[in-house]
Structure formats: C-alpha cells, structure tokens
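Engineer: Sequence first, then the predicted structure, then my questions.
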Amino acid sequence: MNIHFISIGGSAMHNLALALQAKGDIITGSDDAIFEPSKSRLEVKGLLPNNMGWCPEKINKDIDAIVLGMHAKADNPELLKAQELGLKIYSYPEFLYEHAKNKTRVVIGGSHGKTTITSMILHVLSYHEINVDYMVGAQLDGFDRMVHLTKENEFMIIEGDEYLSSPIDLRPKFHLYKANIALLSGIAWDHMNVFPTYKNYVDQFRIFLDTMVVGGILIYNEEDSEVKMIAETTANTIKKQAYQTPQYKIESGKVVLETSEGGIPLEIFGKHNLQNLAGAKLICLSIGVSEQEFYEAIASFKGASKRLEKLAEGKTSVIFKDFAHSPSKVKATTNAVKEQYTNKRVLACLELHTYSSLNAEFLNLYQNALDAADEAVVFYSPHAVAIKKLKSISKEQIAEAFQRDDLIIYTDPKEFKDFLFAQKLDNTVLLFMSSGDYGGLDLEEVKGLVK
C-alpha cells in the first residue's frame with residue numbers, strides 16, 4: 001500500500017510508519033516539527049520529510065490511505081486535500097484495528113501502569129520466542145520499534161490509551177480496538193483538557209468494556225474500587241478475572257516474589273509494579289504461557305523505559321527518573337522508592353508539567369502524594385501555565401494542595417539546578433518525576449552528583 005502520514009514525527013506515529021515500511025508498504029509523511037529520537041530514526045530509513053511544513057501537493061489519488069496524527073489540526077492543508085479527493089483517512093487506532101481485526105486483540109487499559117504491563121507481557125513472550133504483533137508506548141530493550149505488524153501472527157498486544165484518536169475523531173483510542181482480551185489496571189482522573197469532570201473520565205472506561213467482543217476476557221485490578229465497580233456492573237457478556245498485589249518480601253535490597261514455585265527474585269520493585277506483574281501474568285496465561293514459564297521470564301524484566309529508570313548509582317547514592325506526573329502515579333512511585341530504600345534519605349523532585357497538573361482545580365488531588373519522601377521539591381514553570389492558557393497558580397496554592405509544610409517550590413530553572421547541585425547526596429536516593437525536563441535540566445550532568 002501507498003500510505004501517507006500527516007504528522008509523521010510523533011512518538012507513536014513514526015514507529016507505525018517504520019513498522020509499515022518494514023512490512024513492505026510505501027511510506028511518505030509530513031510534519032511541521034520533528035524532534036529526536038524520531039528525526040534520526042526516520043532519516044535512517046529515508047522517511048524524514050525533505051522540508052518541514054504541510055504540503056498539500058503531496059496528496060494525490062495514488063495514495064491508498066492517510067494516517068492522521070493527533071498533532072495535526074482539523075484545518076490541516078493536507079487533511080483538507082485528502083478529504084477533497086475522497087481518500088481513505090484513518091486515525092492511528094483505526095489503522096491498528098484495521099490491521100488486527102482478524103487477530104486476537106489484547107488491549108491494556110487504565111490510567112496508570114499500561115506501558116509497564118504491556119512491556120512485561122512482551123518481555124515474557126519474547127523470552128519464550130512467542131511471536132505477536134504489538135504496539136507499546138515506550139522503547140523496550142531488545143525491541144527495534146514500539147510497533148510491530150505482520151500478516152501471520154495470531155495475537156496483537158495493544159497499549160490502550162484513553163486520549164483522543166485524531167483531530168476529526170474525538171473518541172478515546174482504546175474504544176476503537178474492540179478487545180477480545182482486556183486488562184483494566186486503575187482509574188485516576190487525567191486529561192482534564194479533554195475530560196472536564198471525573199465522571200466524564202470514568203465513563204470512558206465503562207464504554208471501553210462495552211466495546212469488548214462478547215465472550216471476551218476482562219482481567220481487572222480489584223484493589224482499585226472504581227475499576228472493581230465498573231468491572232462487576234458492566235452489562236457486556238464477558239468473562240472476568242480479578243487480580244491483586246501478590247505476596248512479596250524484600251531481602252538484601254531485592255524484591256522476592258512469593259510463588260508456588262518458591263521465591264522469585266525480581267529486578268523491579270514497588271507495590272504498584274508487583275500489582276502490574278499480577279495483571280501481566282493473567283494476560284500471559286490467557287495467551288497460553290504457563291505460570292512456571294511466566295515466572296522464569298519475568299525474573300529478568302528490568303522495567304519499561306522512563307518508568308523508575310535508574311540513571312546512576314554510586315556507593316551510597318542512587319538517581320531515578322520516572323515518567324510519573326499524575327497524583328496516583330507520583331504517590332505510588334514515591335512510596336515504592338521509600339519502601340525499597342528505607343535506610344536512605346529520599347529526595348523527591350516533581351515537575352508539574354501537564355495540562356491537568358497545572359490546573360488549579362486539579363492541584364488538590366496531589367494531597368499527600370509526596371509524603372513518603374524525606375524531602376520533597378516541586379518545580380513548575382509559570383511560562384508553561386501561560387502557554388497552556390490556564391489560570392496562573394501560586395506557590396501558596398501548591399503548598400496548600402500538597403499539604404506538606406516543608407515542601408520546597410521552585411519556578412526558576414536556574415534556582416532549581418543550583419539547589420540540586422548544592423545537595424550532599426551521601427546515603428540519598430534522588431528521584432525525578434516528570435514528563436518534562438525541568439526547564440532544560442541536563443540529567444547527564446546530574447548523574448555526576450552520585451557518590
């Protein structure tokens with residue numbers, strides 16, 4: 001097929017483009033800005049546009065399909081030309097469904113844990129050389145791309161994002177996959193710019209269960225009260241399997257999972273990651289992996305990219321970076337690090353960076369999220385608030401929201417950096433939590449602080 005990508009530079013979009021090229025399709029694309037690592041990866045495969053910007057002259061009747069990225073706008077010149085010519089236009093999730101409509105679709109949904117659970121499943125399947133198609137939201141060790149598509153594989157494992165599908169399709173992505181097997185990890189209000197009320201957000205997960213294939217299998221986290229209620233009250237005729245945090249202990253600084261096979265030492269840590277592991281296990285069992293095979297493989301899983309990623313470690317200090325930014329994720333990550341390093345000082349640095357986290361109405365959800373840290377810092381940029389056209393927020397509002405008297409708050413990147421480099425990190429775990437970069441902080445430089 002001859003396929004054109006409008007907004008080819010996105011993390012997911014460029015991976016889909018690379019996967020389709022590898023499958024033998026002819027790929028072209030456009031974007032108004034492309035950053036690393038997308039830029040270099042597209043360039044190596046000859047898919048980087050010669051010029052940045054939208055070029056309606058690229059759109060012609062020889063194109064079999066358009067894949068429209070969320071970054072594009074509804075009045076995009078290339079989109080308008082494609083509509084004028086009557087070309088087939090797919091959103092990213094529509095295209096994935098079209099590819100996988102005759103496969104068994106396994107969709108991992110939830111406000112948090114999606115990437116980690118999907119990564120665990122793919123790690124186990126790869127370990128046992130079980131070939132599947134997949135789409136995951138992070139670059140994984142041992143995998144060339146975040147997307148892999150074939151004609152022959154029976155299963156497709158999909159990370160099911162609840163964000164919107166495209167500028168002209170405002171349905172959440174995971175509604176379009178029509179899962180045969182689904183997992184629901186947890187629900188915590190996110191994407192306030194799209195789902196303005198908590199109820200509206202929760203309803204998207206109800207609809208997700210309604211879209212499942214009749215007779216399908218739902219695997220759900222019964223420790224999350226919202227998930228439990230939605231799972232148990234759905235009118236869809238599906239089979240249900242609940243999971244919860246498995247038994248574990250910490251021995252010599254390492255998590256040991258207690259199983260019928262005996263103690264299994266793990267490379268990961270934290271209650272939330274053990275909970276994710278329990279869900280991943282049930283998915284793998286439903287695909288045909290035995291419990292023993294799952295444990296054998298999961299013992300070597302080191303974590304998903306940007307999820308509690310160890311940046312540096314010295315004799316007495318460790319630095320972690322985590323993608324956590326929503327209140328539930330921040331709390332789970334901070335608690336996990338303190339549980340793992342009970343005898344070290346935990347210095348947690350959170351950046352409020354997303355639309356939701358910078359929203360004054362959302363801030364109170366962060367209450368007690370950083371309580372497990374011995375010291376806690378919050379960084380945010382008033383400029384980012386202005387760019388997102390939100391009401392300005394004050395340091396006093398943030399302090400009130402977190403309910404922590406000793407909370408340190410920075411709005412200036414240089415002052416935040418000066419604070420970090422003035423720290424003595426002996427016997428300390430330095431934890432960064434953000435989907436941003438703290439106003440341009442060079443983490444390579446920060447690695448030099450380890451002792």
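Structural biologist: Thanks, I have it. Just so you know, these numbers come straight off a predicted model, no measurement behind them.
Engineer: Now the residue most central in space within the chain. Nearest residue, chain neighbours left out?
Structural biologist: The centre of the chain sits closest to Thr115, judged by Cα atoms, centre = their mean, with a distance of 4.7 Å. Excluding the flanking residues, the one nearest Thr115 by Cβ to Cβ, 6 or more residues apart in numbering is Gly137, at 4.5 Å. C-beta here means a position set from N, CA and C on the backbone, and glycine is covered the same way.
Engineer: Count the residues that sit near the one you found.
Structural biologist: Neighbourhood size, Gly137 [other Cβ atoms under 10 Å]: 21.
Engineer: cool, and the one 10 residues further on?
Structural biologist: Val147 is flanked by 24 other residues according to other Cβ under 10 Å.
Engineer: What of the one 5 residues further on?
Structural biologist: For Glu152, the neighbour count with other Cβ under 10 Å is 7.
Engineer: Reduced to three states, what does it come out as?
Structural biologist: coil (DSSP: H, G, I helix; E, B strand; the rest coil).
Engineer: returning to that earlier point: quick one: contacts for the residue nearest to Thr115?
Structural biologist: Ser11, Ala12, Lys114, Thr115, Thr118, Met146, Glu159, Asp161 (Cβ atoms under 8 Å, 6 or more residues apart in numbering).
Engineer: give the contact list for Thr115.
Structural biologist: Val136, Gly137, Ala138, Glu159, Ala304, Arg307, Phe323.
Engineer: what packs against the helix ranked longest in the chain?
Structural biologist: Counting residues, the longest helix in the chain under DSSP state H turns out to be helix 271-287. Other helices and strands packing on helix 271-287, by 3 or more Cβ pairs under 8 Å, 6 or more residues apart in numbering; DSSP states H and E, are strand 104-109, helix 114-127, strand 181-184, strand 217-221, strand 239-243, strand 254-259, helix 291-298, helix 327-340.
Engineer: Kindly recompute the last result at 7 Å.
Structural biologist: With contacts taken as 3 or more Cβ pairs under 7 Å, 6 or more residues apart in numbering; DSSP states H and E, helix 271-287 sits against helix 114-127, strand 181-184, strand 217-221, strand 239-243, helix 291-298, helix 327-340.
Engineer: That one: which residues count as buried?
Structural biologist: Within helix 271-287, the residues that qualify as buried by neighbour count (16 or more other Cβ atoms under 10 Å) are 271-284, 286-287.
Engineer: Pull out the buried residues from the helix or strand of the chain with the lowest mean pLDDT.
Structural biologist: The helix or strand of the chain with the poorest confidence is helix 382-387; it has a mean of 83 (mean pLDDT, DSSP states H and E). Using 16+ other Cβ under 10 Å as the test for burial, helix 382-387 gives Ala384, Val385.
Engineer: Longest strand in the chain, please.
Structural biologist: strand 345-352 (DSSP state E).
Engineer: So for Lys310, what's the pLDDT?
Structural biologist: pLDDT, Lys310: 91.
Engineer: Surely it and Phe320 touch.
Structural biologist: Yes: taking contacts as Cβ atoms under 7 Å, Lys310 lies within contact range of Phe320: 5.8 Å.
Engineer: Looking at these two, which has the bigger crowd around it?
Structural biologist: Phe320 (23 against 11).
Engineer: So that one is in contact with Leu431, correct?
Structural biologist: Yes: with contact defined as Cβ under 7 Å, Phe320 counts as touching Leu431 (5.0 Å).
Engineer: shared neighbours, the two?
Structural biologist: Val337 (Cβ atoms under 7 Å, 6 or more residues apart in numbering).
Engineer: tell me the contacts of the nearest residue to Lys249 once chain neighbours are set aside?
Structural biologist: Computed as Cβ to Cβ, 6+ apart, the closest residue to Lys249 that is not its neighbour in sequence is Val256, at 5.4 Å. Val256 makes contact with Tyr248, Lys249, Gly263, Ile264, Pro265 under the criterion Cβ under 7 Å, 6+ apart.
Engineer: low-confidence ranges in this structure?
Structural biologist: Across the chain, nothing is flagged by pLDDT under 70.
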